[in-house]
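**Q** Structure for the following, please:
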Amino acid sequence: MTQQKERTGLLRQPTQRNFSLDKLWKNFKLQPHIGTEFERGIQISDLLKASNRDELIQDFAVLVSERNVVFLRRQDATFEEITEFVDALGRLTGKPATSGLHKHPTSGDSEFGEYAHVLSSEKSKKYVGVYNTKSELHSETWHSDVTFEPVPSDYALLRIRIAPPEGGDTIWSSAYEVYERLSPAFRSFLEGLTATHVGEGFLNLAKAGIATIRTEERGAPEDVGDSLTTVHPVIRTNPVTGWKGVFVNNVFTKRINELSKDESDVVLKHLFKLVYENHDTHVRFHWESSDVAVWDNRSAFHTATADFDADEHVRLGERVTSLGERPYFDPNSLSRREALGIAPPTARAAHLAVLAKLTK
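**A** So this is what the prediction gives:
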């Protein structure tokens, strides 16, 4: 990854990689614009014990923010070590002192305690038709975690304890690359708009008596109450990279506030399609037991793949979710490709060429 030059006028300067990880462990890109995997050997438990621990963990956090998601195979860390690691990712990249680890509004039955959000194919059977619809379009489940919170997630880590023998993959999409698919006029239109996010599925579980909403503080003083509703910018600046990304998702985003409902529905449908129909913004990961994925929820969407027989096999893991800052849009921030000097996507480049001829 090319180092960024310091830019004037930003609300916050990007955090640069120190490349301490690369001196110790090899890693490789899974796709050109999203996803990095480390070769086997790196262990979270070793990072926490290293003499230059903070340097290594900060480098890891910046790598995650730049590449959206990073994968580690066969991790031996205890759950306590995982929570320590996830919290350190945000603290070493400047998250507010008041932001800790998220306590999910409907979780509370994990053997690992209040910071573990259990992802279980067995539990999911109880939620069908209550948490969400029975749609056969899996594209409806693309999301970023807990965006219904006033202070949502920065980093999240999922470790799969039990993986099905085949299937059960997770797919991520880059919010940076989705932003790159917007025309200059559409970018200008969206920048500064806000959207309402609602944890509707969890509210439905509570109404059905399947879950109870945790109303006390859920990891940050702003994240309280039972409404599970908040407002965020449609285009968000990631403070670690200084790059713009689209910050709406199909699960939690319900309305662009400055538009009529009809206008909002049209715009959101287009933005959601950009997430799930642009396969070159995606990376797909096949899990084995004890594998770990770490992603930046500010700039990545994800969805699980329910393609295995859940009556025959189990998919079980725990997610630990750090809370970051209140989302903001910095008008002086750049897109990822602008910041790194990378050419626009092919279709966007062709459109820009046409625009250039029209303005001559």
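
**Q** Quick check: closest non-adjacent residue to residue 217.
**A** Closest residue in space to residue 217, ignoring its immediate chain neighbours: residue 224 at 5.3 Å, by CB to CB, 6 or more residues apart in numbering. Just so you know, the C-beta spots here come from the backbone N, C-alpha and C atoms, and that holds for glycine as well.

**Q** Does that neighbour touch residue 215 like I think?
**A** Yes - assessed by CB atoms under 8 Å, residue 224 is found in contact with residue 215 at 6.6 Å.

**Q** Between the two, which has more neighbouring residues?
**A** Higher neighbour count among residue 224 and residue 215: residue 224, with 14 against 11, using other CB atoms under 10 Å.

**Q** which ones are touching the more buried one?
**A** Residues counted as contacts of residue 224 (CB atoms under 8 Å, 6 or more residues apart in numbering) are 215-218.

**Q** follow-up on the earlier one: quick one, grab the pLDDT at the residue nearest to residue 217.
**A** Residue 224 is assigned 98 on the pLDDT scale.

**Q** same deal with the one 3 residues further on?
**A** According to the per-residue confidence, residue 227 scores 98 in pLDDT.

**Q** That one: how many residues sit nearby?
**A** 12.

**Q** Next one: it from residue 117, what distance?
**A** 20 Å (CB to CB, to the nearest Å).

**Q** Over to residue 245?
**A** Residue 245 is 23 Å from residue 117, by CB to CB.

**Q** With residue 300 instead?
**A** 17 Å.

**Q** Compare these two and say which is more crowded by neighbours.
**A** residue 300 (26 against 23).

**Q** which secondary structure element contains residue 28?
**A** Assigned by DSSP states H and E, residue 28 belongs to strand 27-29.

**Q** I meant residue 54, not that one.
**A** Applying DSSP H and E, one finds residue 54 within helix 53-67.

**Q** again with residue 88
**A** helix 79-91.

**Q** which parts of that helix are buried?
**A** 79, 81-91 (16 or more other CB atoms under 10 Å).

**Q** Out of these, flag the one nearest to residue 29.
**A** Closest approach to residue 29 among the buried residues of helix 79-91 (CB to CB): residue 89, at 20.1 Å.

**Q** Could you tell me which strands sit next to the helix or strand that comes right after the helix holding residue 88 in the sheet, and their orientation?
**A** As assigned by DSSP H and E, the chain's next helix or strand after helix 79-91 is strand 117-120. Strand 117-120 sits in its sheet next to strand 316-323 (antiparallel), going by DSSP bridges.

**Q** Having no further points to raise, I will conclude here.
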